[in-house]
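Novice: Provide a 3D model corresponding to the input given below.
(one chain, ligands or ions: 2)
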Amino acid sequence: MHTEKTTPVLVGSSEGVDTNARLDQGWLGRMNETLSPIRLAIVAMLRLFLLSILLFALEVPGSLCAQATYFSDVPLGIDWIIVPEDNPMSAEKVELGKQLFFDPRLSGNRSVSCASCHDPHKGWADDRKFSPGAHQELTTRNVPSVVNVGLHRTFFWDGRAASLEEQALAPMANPAEMDMALDELENRLDSIDGYRSQFQAIFADGVTAQNVAKCLATFQRTLVAGETTYDRFRGGHANALEGEIGRGSSIFFGKANCGNCHIAKIYTDHKFHNIGTGLNGTTQDRGLARHSGKSQDVGRFRTPLLRDLALTAPYFHDGSKATLEEVVDFYSEGGGKNPNLDPHIVPLKLTPAEKKALVTFLREGLRSKVYPQIEKPKLPE
Ligand code: HEC
Ligand code: HEC
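Specialist: Ligands and ions are numbered 1, 2, ... in the order given. Next up, the predicted model:
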């Protein structure tokens with residue numbers, strides 16, 4: 001793998017990690033699950049072959065991956081986070097990005113920070129349906145968690161931002177969120193000695209809105225969680241899935257077909273679907289159509305990642321489901337009524353016991369042992 005020099009970042013405890021399981025976490029790991037000895041030998045050879053390609057790529061930096069590099073200091077189940085070539089990881093940027101993330105001075109009236117809505121004590125999200133911005137105006141969508149956000153390929157519920165760098169300036173510019181003009185942001189941060197010196201040490205052009213975005217994106221890429229029970233099962237611990245979690249996983253990937261869109265191991269297909277959410281009486285959050293302009297995209301939202309759901313209620317882009325039980329009931333009944341409903345959303349007729357097992361899988365089976373535990377840092381003056 002071609003890596004920029006990555007910086008080890010501690011993201012909570014990885015105690016008890018089995019090294020073999022870690023080695024086995026590669027994306028070929030999944031091929032092990034149901035294969036005969038001959039096939040296993042083929043898989044082993046294939047792995048050696050791919051390993052040699054990866055080693056070759058290491059020798060010739062830039063030849064195979066011109067656009068991106070990888071941040072690979074991640075827990076079991078994640079593999080790596082893609083990092084754009086023009087914003088490589090560095091410890092200094094992570095540190096500065098962390099300060100910016102927690103700093104309410106990034107909002108016009110100095111009242112809200114990114115962490116006000118993406119609160120580390122609330123799963124890096126908010127426990128309210130909609131959240132108040134700098135002027136107490138409510139957001140129009142539910143706050144998504146920024147944990148593992150670096151795994152996404154598009155950002156926001158409707159995917160309207162193409163990178164974390166592009167996304168980062170949106171909440172500041174949005175009057176309903178932080179209401180901060182970007183030239184004022186630059187002036188304000190430049191007048192704080194502790195910020196100016198850090199920006200100057202990292203970037204030739206010092207404090208700019210683009211550099212603020214780069215640091216926020218870099219910090220967020222380190223917010224990785226993994227090593228769930230299901231990750232351990234995929235990593236080779238055949239016994240990890242027992243009891244209700246095991247029954248729930250069979251329903252998730254079997255009868256209920258959730259894995260059709262929430263593809264393991266990161267539980268998204270990076271696509272947009274209409275599952276019947278967002279049609280509120282006659283008003284509809286247009287979802288993907290808001291920026292694609294296509295009528296068939298009305299009500300389509302990006303498939304979210306599903307780890308650590310217990311921490312991030314309420315659910316869906318509109319926070320319309322308060323509990324995982326409600327989410328499962330919703331799917332079991334065939335989603336919401338909607339003219340553009342995705343063909344994979346059909347009534348599942350789950351029994352009460354099946355629903356209970358499915359909820360247990362979502363809540364316990366996808367709970368991360370390694371989770372970003374970060375407190376508000378001391379802010380520069
Ligand atoms: C007032 C609350 C609020 C504040 C403050 C806020 N956000 Fe958000 N954030 C949201 C909401 C709501 C969404 C979803 C909006 C949408 O999809 O249209 C979101 C989406 C995101 C996403 C996309 C996540 C995904 O899954 O695609 C990222 C990343 C993010 N915010 C980072 C930040 C950063 C960085 C800051 C500070 C500069 C910040 N947010 C400040 C409410 C907030
Ligand atoms: C056709 C694709 C598709 C299928 C099949 C599907 N989902 Fe989803 N799922 C989505 C999309 C898209 C969203 C976001 C919808 C929204 O926010 O309005 C979502 C949202 C969710 C959420 C909310 C996550 C959050 O952070 O708010 C949960 C939980 C969930 N799905 C679980 C399931 C389960 C359990 C199943 C199987 C019973 C399932 N999904 C089947 C596409 C799908």
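Novice: check contacts around whichever residue of the stretch 201-350 of the chain sits closest to ligand 1.
Specialist: The nearest approach of the stretch 201-350 of the chain to ligand 1 comes at residue 216, 4.5 Å away (CB to the nearest ligand atom). Backbone N, C-alpha and C define where each C-beta goes, glycine included. Each residue near residue 216 by CB atoms under 8 Å, 6 or more residues apart in numbering is listed here: 97, 100-101, 114, 164, 168.
Novice: likewise residue 119?
Specialist: 125-126.
Novice: Show me the subset of the contacts of residue 216 that also lies near ligand 1.
Specialist: With CB under 6 Å from any ligand atom as the criterion, these include 114, 164, 168 near ligand 1.
Novice: and the last one, how many neighbours?
Specialist: Pointing back at residue 168 there. For residue 168, the count of nearby residues is 27 (other CB atoms under 10 Å).
Novice: ok so, going back, quick check, the residue of the stretch 201-350 of the chain closest to ligand 1 in a helix?
Specialist: Yes - per DSSP: H, G, I helix; E, B strand; the rest coil, residue 216 lies within a helix segment.
Novice: got a list of what the closest residue to it other than its chain neighbours touches?
Specialist: Leaving aside its sequence neighbours, residue 216 sits nearest to residue 168 (CB to CB, 6 or more residues apart in numbering; 4.1 Å). With contact set as CB under 8 Å, 6+ apart, residue 168 has these partners: 212-213, 216-217.
Novice: if you set the cut-off to 10 Å instead, what comes out?
Specialist: 97, 100-101, 106, 114, 155, 161, 209-210, 212-220 (CB atoms under 10 Å, 6 or more residues apart in numbering).
Novice: circling back: okay, the ones next to ligand 1 among the contacts of residue 216 in CSV with secondary structure and distance to residue 232 next?
Specialist: Output for those, formatted as CSV (DSSP: H, G, I helix; E, B strand; the rest coil; distance: CB to CB, whole Å):
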residue, secondary structure, distance to residue 232
114, helix, 32
164, helix, 28
168, helix, 33
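Novice: Residue 242: which of those residues is nearest?
Specialist: Distance ranking of the ones next to ligand 1 among the contacts of residue 216 against residue 242, using CB to CB, places residue 164 first at 37.2 Å.
Novice: Find the nearest non-adjacent residue to that closest one, please.
Specialist: residue 217 (3.7 Å).
Novice: wait, the one you found sits on residue 162?
Specialist: No - between residue 217 and residue 162 there is no contact under CB atoms under 10 Å: 11.8 Å.
Novice: higher neighbour count, those two?
Specialist: Applying other CB under 10 Å to residue 217 and residue 162 shows that residue 217 carries more neighbours, namely 23 against 11.
Novice: Low-confidence ranges, the protein, go.
Specialist: Applying pLDDT under 70 to the chain flags the ranges 1-67.
Novice: in it, which spans are strands?
Specialist: Using DSSP state E, the strands of the chain run over residues 68-71, 81-84, 272-273, 279-280, 283-284, 301-302.
Novice: I'd say residue 195 and residue 208 touch.
Specialist: No - taking contacts as CB under 10 Å, residue 195 lies outside contact range of residue 208: 11.9 Å.
Novice: In the protein, which residue is most central in space?
Specialist: Most central in the chain under CA atoms, centre = their mean is residue 149, positioned 2.7 Å from the mean C-alpha point.
Novice: Alongside ligand 2, which residues does the chain contribute?
Specialist: Residues of the chain lying close to ligand 2 (CB under 6 Å from any ligand atom) are 157, 256-258, 260-262, 273, 275, 277-278, 301, 303-304, 306, 309, 312, 315-317, 327-328, 331, 342, 344-345, 358, 362.
Novice: just these that are near ligand 1?
Specialist: Within the set of the residues of the chain next to ligand 2, contact with ligand 1 (CB under 6 Å from any ligand atom) is found for residue 157.
Novice: Select only the buried ones of the residues of the chain next to ligand 2 in ChimeraX?
Specialist: The buried residues among the residues of the chain next to ligand 2 can be selected in ChimeraX (16 or more other CB atoms under 10 Å) with this line:
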select :157,256,257,258,261,262,273,275,277,278,301,303,304,306,309,312,315,316,317,327,328,331,342,345,358,362
